[in-house]
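Engineer: Here is the input, now give the coordinates:
(one chain, ligands or ions: 2)
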Amino acid sequence: MSVLFGPTLSRRNLLASAGAFAAGAVSPFYGGSAAETANTREFTLHAAPGQIRLLPEPHGETAAWRYNATVPGPEIRVRQGDRVRIVVKNHLPEETTVHWHGIRTPNAMDGVPFLTQPPIAPGGNFIYEFDAVDAGTFWYHPHFHSFAQVARGLHGSFIVDEAEPIRVDRDVTWMLEDWRMLESAEISDDFGNRHDMSHGGRIGNVVAINGLLPDAFEVQSGERIRLRLINVANARIFALDFTDLAPMVVALDGQPATPHVPENGLVFLGPAMRADLILDLKGAAGHRVAIVDRFYDGLEYTLTEFAFADTPLRDGTPDWTIELPSNPLAQPNLDRAIRHDIVLNGGMMGNMVMQEMGSAMMGAMDSLMEMSGEDRFWFMNGIAAMEHDLDPLLTLERDRTHVIAMTNETAWNHPMHLHGHAFRVISRNGQATRLREWQDTVLVAPRERVEIAFVADNPGDWMLHCHILEHQAAGMMSVIRVD
Ligand code: C2O
Ligand code: CU
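Structural biologist: Residues are numbered from 1 along each chain as shown. Ligands and ions are numbered 1, 2, ... in the order given. Sure, this is the predicted structure:
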């Protein structure tokens, strides 16, 4: 496969003069969106193939899959406590569903094919309806063949505003996308190939923000921005360095966090993870600050730049609070918790390990993987699940606190996502975490052991899976039953 931008992912040369870009621009929903009662908000999502302009001229347009003719799909934005009703219409050549990532919906509205609903057939539709119980930064995406459907462009943001939001000058959402593009400007269609499935997943060669390749993002000195970052990539992990912009993290995965400076100055986002940052911007006219992604050693690249406008918005820093009001989450009671262990296994090893193992072992591993016929490369407690055959891995007593310890015995990172609940990350490698942050997706590093705690208060069969979508498709998923 030939790639456009080479292994360094540099794309600066492609960027003519994109200038400032409109982040989070809202596209109108078409097809009768208006019927709104007091606090029921209605939306229609049409999933359909179509063209997008991802790469600048002289490249051609790109055939993608879109919600309501845009990539990303339209922002869905409601207020905490609203009832939300979303009609999803499938105009794709294959089945689909929509999952509302991070939103605590009733089980039947969770959008998981074969588990909570039948897949939506081509030409069919499905009506999702639920209350927006938590405020925060969420997103939506298909849960059917998601490793291909998300990568073709099906993803959108879902913002639930607090009843009383904190005051900022601008509230901006950046969906961080990772496209694997060919020189022809087509999306590479090697979805779910065995190499991606058994290694780090589908990493692309074009990183975009909200479907664009922005050269710069214009800001004013003195301005306070709430920047909502959403990693919608299949597999790419970000470690964003905002350098002297000194962001404060105020929410993770949509859930309020004690405001804090990111550890080592880097904002880590595994696939599906979100972070809300507060940026109090200070800079002279014309000053530019690069936002650099440092996750992959030797492959650092500039995501975009903040460009300071000629005129400041104000002198000094606003003294408004940055602390978000908390969401109605049940607090885990650790003294009375029920404990569970999940071991993550499988995948190809790192190069070093492979060398130590010798070629005989490697051959054995290959044939082991060939044997099953299906690409089952990843295991949770020894089971490689497929989406059409799912038995519960764990059954959790309802309304009790549960602690799940996940041990990663693989050579790869796994962003583990639990549906229907938020959990607190309470320890890493036996060390208590400083913030006991609420998350719905936790990045578990190679060889790491992470404990999460939550009250199982949402009954039903819920997925717990790796959000590297190729890992999920190749076995790293399971069902957690709450009953
Ligand atoms: Cu974002 Cu099971 O998904
Ligand atoms: Cu994984």
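
Engineer: who's in contact with the most centrally placed residue in the chain?
Structural biologist: With the centre of the chain defined as its mean C-alpha position, the nearest residue by Cα atoms, centre = their mean is Ala272, 1.4 Å away. Ala272 sits next to His101, Trp139, Asn231, Val232, Pro415, His417, Asp440, Thr441, His467 when contact means Cβ atoms under 8 Å, 6 or more residues apart in numbering. (Glycine included, C-beta is placed from N, CA and C.)

Engineer: at 6 Å what do you get?
Structural biologist: Ala272 is in contact with His101, His417, Thr441, His467, counting by Cβ atoms under 6 Å, 6 or more residues apart in numbering.

Engineer: Among the residues you listed, which one has the most neighbours?
Structural biologist: His467 (29 neighbours; other Cβ atoms under 10 Å).

Engineer: if I look at it, how far off is ligand 1?
Structural biologist: Distance of His467 to ligand 1, computed by Cβ to the nearest ligand atom, to the nearest Å: 6 Å.

Engineer: just to revisit the earlier point, element containing the residue nearest to the centre of the chain?
Structural biologist: When elements are assigned from DSSP states H and E, Ala272 belongs to no helix and no strand.

Engineer: ok, and the closest non-adjacent residue to the residue in the stretch 1-150 of the chain that ligand 1 sits nearest to?
Structural biologist: Relative to ligand 1, the nearest point of the stretch 1-150 of the chain is His101 (3.7 Å; Cβ to the nearest ligand atom). In space, and not counting its chain neighbours, His101 is closest to Trp139: 5.0 Å by Cβ to Cβ, 6 or more residues apart in numbering.

Engineer: Tell me how many other residues crowd the one you found.
Structural biologist: Neighbours of Trp139 (other Cβ under 10 Å): 27.

Engineer: Enumerate every residue touching it.
Structural biologist: His101, Ser157, Phe158, Ile230.

Engineer: From the structure, what's the count of residues near the second one?
Structural biologist: Here the number of neighbours of Ser157 (other Cβ under 10 Å) works out to 24.

Engineer: what's next to the helix or strand hosting Met416, contact-wise?
Structural biologist: Using DSSP H and E, Met416 falls within strand 414-418. For strand 414-418, contacts defined as Cβ under 6 Å, 6+ apart pick out 270-272, 344, 406, 408, 441-444, 464-467.

Engineer: tell me which of these is nearest to Thr70?
Structural biologist: Here the nearest of the contacts of strand 414-418 to Thr70, counting by Cβ to Cβ, is Ala272; it sits at 20.5 Å.

Engineer: about what we covered before: ok, the residue nearest to His101 to Leu154 distance?
Structural biologist: Using Cβ to Cβ, to the nearest Å, Trp139 is found at 11 Å from Leu154.

Engineer: what about the helices in the stretch 1-150 of the chain?
Structural biologist: 146-149 (DSSP state H, counting those that start in this stretch).

Engineer: For ligand 2, what's its nearest residue on it.
Structural biologist: As assessed by Cβ to the ion, ligand 2 sits closest to Phe147 within the stretch 1-150 of the chain, at 11.6 Å.

Engineer: That residue: neighbouring residues, count only.
Structural biologist: By other Cβ under 10 Å, the residues close to Phe147 number 22.

Engineer: Skipping adjacent residues, who's closest to it in space?
Structural biologist: Closest to Phe147 by Cβ to Cβ, 6+ apart is Leu469, at 3.8 Å.

Engineer: OK, contacts around the one you found?
Structural biologist: Counting by Cβ under 6 Å, 6+ apart, Leu469 has contacts Ser146, Phe147, Asn234.

Engineer: Report the separation between the first one and Arg152.
Structural biologist: Using Cβ to Cβ, one gets 10 Å for the distance from Ser146 to Arg152.

Engineer: Would you verify that Leu303 is located in a helix?
Structural biologist: No: read with DSSP: H, G, I helix; E, B strand; the rest coil, Leu303 is strand and lies in no helix.

Engineer: before we move on, the earlier item: of the contacts of strand 414-418, which fall within the contact range of ligand 2?
Structural biologist: When contact is defined as Cβ under 5 Å from the ion, the contacts of strand 414-418 meet ligand 2 at Cys466.

Engineer: Name the member of the contacts of strand 414-418 with the most neighbours.
Structural biologist: These, ranked by neighbours (other Cβ under 10 Å): first place Cys466, 32 neighbours.

Engineer: separation between Asp319 and ligand 2?
Structural biologist: 43 Å (Cβ to the ion, to the nearest Å).

Engineer: Where does that residue sit: helix, strand or coil?
Structural biologist: Per three-state DSSP, the local secondary structure of Asp319 is coil.

Engineer: please begin residue numbering at 748 from this point
Structural biologist: Sure, I'll start numbering at 748, so the last one becomes Asp1066.

Engineer: What about the residue nearest to Trp847 when sequence neighbours are not counted, how many residues nearby?
Structural biologist: Distances taken as Cβ to Cβ, 6+ apart put Tyr887 closest to Trp847, at 5.3 Å, once the chain neighbours are dropped. Residues near Tyr887, counting by other Cβ under 10 Å, number 26.

Engineer: what residue ranges in the chain score low on pLDDT?
Structural biologist: 748-785, 1097-1121 (pLDDT under 70).

Engineer: How about the residues of it by ligand 1?
Structural biologist: His846, His848, His888, His890, Ala1019, His1164, His1166, Met1210, His1212, His1214 (Cβ under 6 Å from any ligand atom).

Engineer: out of the residues you listed, who's nearest Asp943?
Structural biologist: His1214 (14.3 Å).

Engineer: OK, contacts around that closest one?
Structural biologist: His1214 touches Pro1018, Ala1019, Pro1162, His1164, Thr1188, counting by Cβ under 6 Å, 6+ apart.

Engineer: Nearest to Ala794 among these?
Structural biologist: Nearest to Ala794 among the contacts of His1214, with distances taken as Cβ to Cβ, is Ala1019, at 19.0 Å.
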